[in-house]
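> What follows is a predicted structure for the sequence shown.
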Protein chains: 2
Amino acid sequence: MANPKPIYPPRVPCIRCPIRRLESFRDFSPPELDFVQDFKVAELVADPGNSIVVEGERHPQLYTVLTGWGFRYKILEDGRRQILNYLLPGDLIGLQGNIMLEMQHSAEALTKMTLCVFERERLMTMYQHHPSLAYDITWLAAREESMLDEHLLSIGRRSAMERAAYLLVFLHSRAMTTGNLAQGKSTPLPLTQQHVADTLGLSLVHTNKTLRKLADQGLIRWLDRGCEIVDATGLHQIAQWRPPAESKRPFI
Amino acid sequence: MANPKPIYPPRVPCIRCPIRRLESFRDFSPPELDFVQDFKVAELVADPGNSIVVEGERHPQLYTVLTGWGFRYKILEDGRRQILNYLLPGDLIGLQGNIMLEMQHSAEALTKMTLCVFERERLMTMYQHHPSLAYDITWLAAREESMLDEHLLSIGRRSAMERAAYLLVFLHSRAMTTGNLAQGKSTPLPLTQQHVADTLGLSLVHTNKTLRKLADQGLIRWLDRGCEIVDATGLHQIAQWRPPAESKRPFI
DNA sequence: CGATGCCTTGAATGAAATCAAGGCAGGTGG
DNA sequence: CCACCTGCCTTGATTTCATTCAAGGCATCG
């Protein structure tokens, strides 16, 4: 799990940032770009299963996902794990460990990931000199919050079937806008059924049976270590949920 | 439910803001105070059951809770309701309706509430002229996020008993630092069992049985329309959770 | 070739939902 | 003042959904 994560000096200059190329992200102004370029202190590479941040530890850094998928989670003392949300390109990690710097959750890589590393210390400077970027950070926090709201509704009030449909179509829609850089077409969601179970608050066995039903109905196909969405519309209907119509979103 | 909410011109000048008097909140600098005073456009009073914001509607305002308790929630098309979090003095409402202004959740008063009303439009001005206040807003968003994380863990992975214990002791600890202005001693939590059920993702009947057990064990006492915490430590143990040690927190 | 990780399935058990009543206080209208 | 309603809490019986237990399959990897 918690393995060495190689840290490199920044190799991808922000001007050639793979995220900037994407349709769904907003452009930086030149001064903003300069600032962020300078704000970025390193680049981090994580392999599947590597920890990015660990609950209870101090992380003086913030991270932005450049490529790859990960997830945030918490565990109870006796080992029960709850996945809180997934991390895709453009997502910011580590804001919540405010002030005390002590992380309240852990994060782990699902696929090979690259991340931009920022110094939390210098965040105040950004707020002073680039209010628009500060606003973006708030925007990102608010966005995360509304995803968590929806997850809570899901776990609290949707049935196993509905929950599973919601999760898969939620991830699918995120993957569509930010997910698989370069790969073009929709790559399967890089999860195991254990991840799904720990996200939905269900047991592995019951998750398996639920996914089986969705597959039997021709809505999804379960692969080696991932899930292919066959009928997104059908899943929307089951979940009673549609992805929000997002206009260009910010990132740091 | 959705009833008229009287809006008044600001009556409580920020300098005599009841929240500022509280131990656990940080002080404003004089220029900050001036700005916020000017930022505040009105005051709103809501009675128990009144809606503060409504999912799907446009709310060009932001609110800060001055006094009283409320809650945020979402409902599915068929009426199933999930309470997302509770609103206490110092909490900011309405951030998440970013950009499109369309609220993603509703909020309702639990007790009589007074709220400060701000214009969302002028938020950018705040970011430009008062980076420290901008930082505070981010801080508040991050704080909300970590509460939601904990709620997710709770609903996803804790048993009914543990969940109930967690919720009650969570609210108790919030009430201790911000809750009952003026009243001095710990007022009972102003909830019905239906609220608890909708927060925990349980049915009303099962919630009742669970609370009964907690009461039988002498951990709580259930009153008319509220809950009295008798043994917070006992609840902590059941929930496997302790309240975070919060230093002075910001508010707007 | 034995391990290990991931998916699958059936059977037994348990936790929580649903169904069905009833109690009790406070509020209202006859 | 009493009769009736309404909102909130309580309890038992039954059913449903999800967990746990137990196995087995099937790839991949050292």
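On my side now, so go ahead.
> So for the spatially most central residue of chain A, what pLDDT did the model give?
In chain A, the residue lying closest to the centroid (Cα atoms, centre = their mean) is A:L87, at 1.3 Å. As predicted, A:L87 sits at a pLDDT of 97.
> Kindly report the same for A:P13.
Looking at A:P13, its pLDDT is 87.
> In stretch A:113-130, which residues are buried?
Buried positions in stretch A:113-130, judged by neighbour count with 16 or more other Cβ atoms under 10 Å in any protein chain shown: A:M113, A:T114, A:L115, A:C116, A:V117, A:F118, A:L123, A:M126, A:Y127, A:H130. No exception for glycine: its C-beta is placed from N, CA and C like everyone else's.
> Test my guess that A:L202 contacts A:L211.
No - between A:L202 and A:L211 there is no contact under Cβ atoms under 8 Å: 10.2 Å.
> which stretches of the stretch 151-252 of chain A have low pLDDT?
The stretch 151-252 of chain A contains residues with pLDDT under 70 at A:179-186.
> Which SSE is immediately downstream of the longest helix seen in chain A?
Secondary structure of chain A per DSSP state H: the longest helix is helix A:131-157. Moving toward the C-terminus from helix A:131-157, the next helix or strand (DSSP states H and E) is helix A:160-174.
> Close to DNA strand C: what parts of the stretch 51-200 of chain A are there?
A:L191, A:T192, A:Q193, A:Q194 (Cβ under 7 Å from any atom of the strand).
> Spatially, which two of the residues you listed are the most separated?
Greatest spatial distance among those (Cβ to Cβ): A:L191 and A:Q194, at 8.4 Å.
> between these two, which one's more packed in?
Between A:L191 and A:Q194, counted using other Cβ atoms under 10 Å in any protein chain shown, the more crowded position is A:L191 (23 against 13).
> Kindly confirm whether my reading is correct that that one touches A:D224.
No - using Cβ under 8 Å, A:L191 is not in contact with A:D224, being 11.0 Å away.
> Can you report phi and psi for A:N50?
Main-chain torsions, A:N50, degrees, to the nearest 10: phi -70, psi 150.
> And it, how far from A:K112?
A:N50 is 9 Å from A:K112, where distance means Cβ to Cβ, to the nearest Å.
> higher neighbour count, the two?
A:N50 (20 against 14).
> what mean pLDDT does stretch A:35-47 have?
Rounded mean pLDDT across stretch A:35-47 is 94.
> Quick check on A:Q217: phi, psi?
According to degrees, to the nearest 10, A:Q217 has phi -80, psi 0.
> Please report how far it lies from A:I75.
Distance from A:Q217 to A:I75, counting by Cβ to Cβ: 33 Å.
> same question, A:T210
A:T210 is 23 Å from A:I75, by Cβ to Cβ.
> Tell me who's in contact with the residue nearest to the centre of chain A.
Shown in contact with A:L87 (Cβ atoms under 8 Å, 6 or more residues apart in numbering or on different chains): A:I52, A:V65, A:W69, A:G70, A:F71, A:R72, A:I93, A:A107, A:M113.
> For it, grab phi and psi.
According to degrees, to the nearest 10, A:L87 has phi -110, psi 120.
> Tell me how many other residues surround A:E23.
Other residues near A:E23 come to 7 when the count uses other Cβ under 10 Å.
> Retrieve the pLDDT associated with it.
Predicted confidence (pLDDT) for A:E23: 87.
> Closest one of the buried residues of stretch A:113-130 to A:D27?
A:H130 (14.3 Å).
> on that earlier part again, any chance of the contacts of A:L87 in JSON lines, plus pLDDT and secondary structure?
Formatted as JSON lines, the entries for the contacts of A:L87 read as follows, by pLDDT from 0 to 100; DSSP: H, G, I helix; E, B strand; the rest coil:
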{"residue": "A:I52", "pLDDT": "96", "secondary structure": "strand"}
{"residue": "A:V65", "pLDDT": "96", "secondary structure": "strand"}
{"residue": "A:W69", "pLDDT": "95", "secondary structure": "coil"}
{"residue": "A:G70", "pLDDT": "97", "secondary structure": "strand"}
{"residue": "A:F71", "pLDDT": "98", "secondary structure": "strand"}
{"residue": "A:R72", "pLDDT": "98", "secondary structure": "strand"}
{"residue": "A:I93", "pLDDT": "96", "secondary structure": "strand"}
{"residue": "A:A107", "pLDDT": "97", "secondary structure": "strand"}
{"residue": "A:M113", "pLDDT": "94", "secondary structure": "strand"}
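> check these against chain B, which are close?
A:R72 (Cβ under 8 Å from any Cβ of the partner chain).
> Between the contacts of A:L87, which sits nearest A:M176?
Among the contacts of A:L87, and counting by Cβ to Cβ, the member closest to A:M176 is A:W69, at 13.5 Å.
> OK, contacts around the residue lying closest to A:N85 once chain neighbours are set aside?
Distance criterion Cβ to Cβ, 6 or more residues apart in numbering or on different chains; nearest residue to A:N85, sequence neighbours excluded, is A:R72 at 5.3 Å. By Cβ under 8 Å, 6+ apart, the contact list for A:R72 reads A:I83, A:L84, A:N85, A:Y86, A:L87, A:I93, A:H105, A:S106, A:A107, B:D149.
> again, only this time at 6 Å
A:L84, A:N85, A:H105, A:A107 (Cβ atoms under 6 Å, 6 or more residues apart in numbering or on different chains).
> Skipping adjacent residues, who's closest to A:R157 in space?
Nearest non-adjacent residue to A:R157 (Cβ to Cβ, 6+ apart): B:R80, at 4.3 Å.
> And the residue of the stretch 51-200 of chain A closest to chain B?
Scanning the stretch 51-200 of chain A for the residue nearest chain B gives A:G156, at 3.2 Å (criterion: Cβ to the nearest Cβ).
> Can you tell me how far that residue is from B:N85?
Taking Cβ to Cβ, one finds A:G156 at 12 Å from B:N85.
> More neighbours: those two, which one.
More neighbours surround A:G156 than the other of A:G156 and B:N85, with 26 against 23 (other Cβ under 10 Å).
> Tell me if I'm right that the more buried one and B:L202 touch.
No - in this structure A:G156 lies outside contact range of B:L202 using Cβ atoms under 6 Å: 8.7 Å.
> bridging residues for the residue nearest to A:N85?
For A:R72, the beta-bridge partners under DSSP bridges are A:N85, A:A107.
> roughly how far apart are it and DNA strand D?
Computed as Cβ to the nearest atom of the strand, to the nearest Å, the A:R72 to DNA strand D distance reads 20 Å.
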